[in-house]
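Engineer: coords please:
(chains A and B)
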Amino acid sequence: MLLHCTESTFLPRMSKMLHLIGRKALDILFGLGDYALFTGRSFHAVMHSKRIWRRLIRSIYEQGTVCLPVILIVGLFTGLVLGLQGYHILNRFGSEGLLGAMVSLSLVREMAPVLAGLMLIGQSGSALAAELGIQRNSEQIVALETMGVESHGYLVTPRLIAALLVYPFQTALFVVIGFWGGSLSGSLLLGVDSGVYWSSIQRAIESRDLRECFIKAAVFGILSVTICAYQGFHADRNHSDTGARAVSAATTRAVVMSSIMVLVADYVVSSFFI
Amino acid sequence: MSPSSTEPLLKIDRLTKSFGERPVLEGVDLSITRGSVFTVLGPSGTGKSVFLKCLAGVMQQDSGMISFEGRPLVASDKETLTDFRKRCSFLFQNNALFDSLSALENVSLPLEQTTDLSAHEIQSRSLDALSQLELESYRNRYPSQMSGGMQKRLALARAIVTRPELVLFDEPTAGLDPLRRNAVFSMIVKYQRRFNFTALIVTHDVPEALVASNRVALLNGGKICFEGTPDDFSSSLDPVVTGYRDSTDALRKSLASIRGQVQAS
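Structural biologist: Take a look at the predicted model:
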């Protein structure tokens, strides 16, 4: 009797669970396809978007000038920490002379593109998702469409082009400031010869390292802008929240998902260069 | 080929729309003639805004046909849709103004993005639209720095700057007091006459709509229950029409009585 009861509840439960898994998988597939179409439309709109210059300059300002202090501060402290930790690690092996190589390769190949990307997501990506979410909520995006304006071209394309220019630039700046930070802690505070430090950097960096750095920066720029824009653009699709809560949920999703995707893409791009 | 004067500018055939299991529009048929002010009346929640959004292409109907100058508007015919959008404007219930753009930038936006006019021409046409709506001196203000009535006028300026042939008004007087309701309807009629566009309004304000419109229709239960002139609507003995008319009259009387009680106390 007990066995019979367990079997009679087990099968419907199993079927319900499979149904839920299937629905979730379909939702994820739909989301990925929709995101791919969104990204495609945003790139394609480059051809049709009219009078893009003013919006492009504004986007460069938002992602570049506004985010500059954060990049400088994080870049400096990353360099300082790398110099400090690197010195004490290399000291164990009597290889302090390689401090410049360690700081520079860590920064160029990994830390600068990833940290600059994450900082830009935190500052301009979240602002982008919130702005588009509010525009969706107040029907400004629908208004664009009723006017016959290509909303992707108007709202997303300039930010995408700006990201392709600004992310590599901010990453380069992060690298340079990071080198200075490493020099400050390594040479000025811990006594590594400055000439040795800088010549070690010069010897260590190869063109393929710089290529990897800038390719990563551009990929992270595309990913973060498209994910944040996608989340804000479709803030109304979240049925569990409405109004201001939907915007806040979309902004949170935008930051979390784009940060995760930056780390995933970092692994993928790195594996091509190793 | 120029469209004939007898041909309706906009024709809607058996339009249906459902949300899940709930039908909202159940076979709406309407013909709107060029140069007229046509009002669709109906109680709240009967799908008036959904109807208008289907016409504007913001929402996709489940079935039925919408034709503009005899040409059906279908998603696959991008050319006709683009042409329709260039010749049609939509005035949103909440105005949908761009809050980070100034009044002048709001009005210039459709011209900048959909035409190849020179910057000088765009500026002059936008200023002209602003001055027609007595907003020229507010050109550098942002929508949040304007009153509700000014925002409505700014939204209308943005709607007419492209010189559309058809303007769709979604509840233009929602949330306004009686004086402002009158002012908005007067504004619509004034500018409709000046610019000679065709106006399609959805509202539940019966007295104002009857004064402003050439024709009215009553949307109830997802269907058009009545269509005719404002006089026909006022004298109709159809139970649905009288029911709706009486319900709005009763509301007015009850509000007047409350107002009287408040004043007496």
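Engineer: show residues contacting stretch A:146-157.
Structural biologist: With Cβ atoms under 8 Å, 6 or more residues apart in numbering or on different chains as the test, stretch A:146-157 has contacts from A:38, A:41-43, A:45-46, A:48-49, A:52, A:55, A:132, A:135, A:141, A:144-145, A:225-226, A:229, A:233, B:56-58, B:82, B:85-86, B:88-90, B:109-110, B:113-114, B:162. Backbone N, C-alpha and C define where each C-beta goes, glycine included.
Engineer: scratch that, stretch B:57-68
Structural biologist: With Cβ under 8 Å, 6+ apart as the criterion, stretch B:57-68 contacts A:142, A:145-146, B:9-18, B:25, B:27-28, B:50, B:53-55, B:72-73, B:75, B:80-81, B:84-85, B:87-88, B:90, B:166.
Engineer: going through the residues you listed, which ones are buried?
Structural biologist: Neighbour counting by 16 or more other Cβ atoms under 10 Å in any protein chain shown classes A:142, A:145-146, B:9-12, B:15-18, B:25, B:28, B:50, B:53-55, B:73, B:80-81, B:84-85, B:87-88, B:90, B:166 among the contacts of stretch B:57-68 as buried.
Engineer: filter the residues you listed down to just the ones in helices.
Structural biologist: With helices taken from DSSP state H, the overlap with these comprises A:142, A:145-146, B:50, B:53-55, B:80-81, B:84-85, B:87.
Engineer: in CSV: these, plus distance to residue A:77 and pLDDT.
Structural biologist: Listed next are those as CSV, based on distance: Cβ to Cβ, whole Å; pLDDT from 0 to 100:
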residue, distance to residue A:77, pLDDT
A:142, 44, 93
A:145, 45, 91
A:146, 48, 90
B:50, 55, 91
B:53, 51, 90
B:54, 56, 91
B:55, 57, 90
B:80, 59, 84
B:81, 54, 85
B:84, 56, 89
B:85, 51, 87
B:87, 58, 90
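Engineer: so can I have JSON lines of those residues showing distance to residue B:185?
Structural biologist: Listed next are those as JSON lines, based on distance: Cβ to Cβ, whole Å:
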{"residue": "A:142", "distance to residue B:185": "24"}
{"residue": "A:145", "distance to residue B:185": "27"}
{"residue": "A:146", "distance to residue B:185": "22"}
{"residue": "B:50", "distance to residue B:185": "22"}
{"residue": "B:53", "distance to residue B:185": "22"}
{"residue": "B:54", "distance to residue B:185": "24"}
{"residue": "B:55", "distance to residue B:185": "20"}
{"residue": "B:80", "distance to residue B:185": "32"}
{"residue": "B:81", "distance to residue B:185": "30"}
{"residue": "B:84", "distance to residue B:185": "26"}
{"residue": "B:85", "distance to residue B:185": "26"}
{"residue": "B:87", "distance to residue B:185": "24"}
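Engineer: what's the closest of the residues you listed to residue A:172?
Structural biologist: When those are compared for distance to residue A:172 (Cβ to Cβ), residue A:145 wins out at 37.9 Å.
Engineer: residue contacts, that closest one?
Structural biologist: Counted by Cβ under 8 Å, 6+ apart, residue A:145 has contacts A:151, B:57-58.
Engineer: again, but for residue B:111
Structural biologist: With contact set as Cβ under 8 Å, 6+ apart, residue B:111 has these partners: B:117, B:122, B:125-126, B:161-162.
Engineer: so where do the helices sit in chain B?
Structural biologist: B:48-56, B:78-87, B:103-114, B:119-132, B:148-160, B:178-195, B:206-212, B:230-235, B:239-264.
Engineer: nearest to residue B:139, of the ones you listed?
Structural biologist: Of the helices of chain B, nearest to residue B:139 by Cβ to Cβ is helix B:103-114, at 4.1 Å.
Engineer: what mean pLDDT does stretch B:145-163 get?
Structural biologist: The average of the pLDDT scores along stretch B:145-163 is 90.
Engineer: C-alpha coordinates for it, PDB please?
Structural biologist: In PDB, the C-alpha atoms belonging to stretch B:145-163 read as follows (Å, rounded to 0.1, in the frame of the first residue of the first chain):
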ATOM      1  CA  GLN B 145      10.300  71.800 -15.900                       C
ATOM      2  CA  MET B 146       6.900  72.200 -17.600                       C
ATOM      3  CA  SER B 147       3.300  72.000 -16.400                       C
ATOM      4  CA  GLY B 148       1.100  69.100 -17.400                       C
ATOM      5  CA  GLY B 149      -0.800  71.200 -20.000                       C
ATOM      6  CA  MET B 150       2.500  72.500 -21.500                       C
ATOM      7  CA  GLN B 151       3.800  68.900 -21.700                       C
ATOM      8  CA  LYS B 152       0.600  67.900 -23.600                       C
ATOM      9  CA  ARG B 153       1.200  70.900 -26.000                       C
ATOM     10  CA  LEU B 154       4.800  69.900 -26.400                       C
ATOM     11  CA  ALA B 155       3.800  66.300 -27.300                       C
ATOM     12  CA  LEU B 156       1.300  67.700 -29.800                       C
ATOM     13  CA  ALA B 157       4.100  69.900 -31.300                       C
ATOM     14  CA  ARG B 158       6.300  66.800 -31.700                       C
ATOM     15  CA  ALA B 159       3.400  65.000 -33.300                       C
ATOM     16  CA  ILE B 160       2.600  67.700 -35.900                       C
ATOM     17  CA  VAL B 161       6.200  68.700 -36.700                       C
ATOM     18  CA  THR B 162       6.400  65.900 -39.400                       C
ATOM     19  CA  ARG B 163       3.100  67.300 -40.900                       C
END
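Engineer: neighbours around whichever residue of the stretch 151-274 of chain A sits closest to chain B, how many?
Structural biologist: Closest residue of the stretch 151-274 of chain A to chain B, Cβ to the nearest Cβ: residue A:154 (6.4 Å). Using other Cβ atoms under 10 Å in any protein chain shown, residue A:154 has 22 neighbouring residues.
Engineer: which one's the longest helix in chain A?
Structural biologist: Under DSSP H, chain A gives helix A:2-44 as its longest helix.
Engineer: ok, residues contacting the host helix or strand of residue A:201?
Structural biologist: Residue A:201 belongs to helix A:194-204 when assigned by DSSP states H and E. Applying Cβ under 8 Å, 6+ apart, the contact partners of helix A:194-204 are A:97-101, A:103-105, A:179, A:182-183, A:186-187.
Engineer: go with 7 Å
Structural biologist: Residues from elsewhere that reach helix A:194-204, judged by Cβ atoms under 7 Å, 6 or more residues apart in numbering or on different chains: A:97-101, A:104-105, A:179, A:183, A:186-187.
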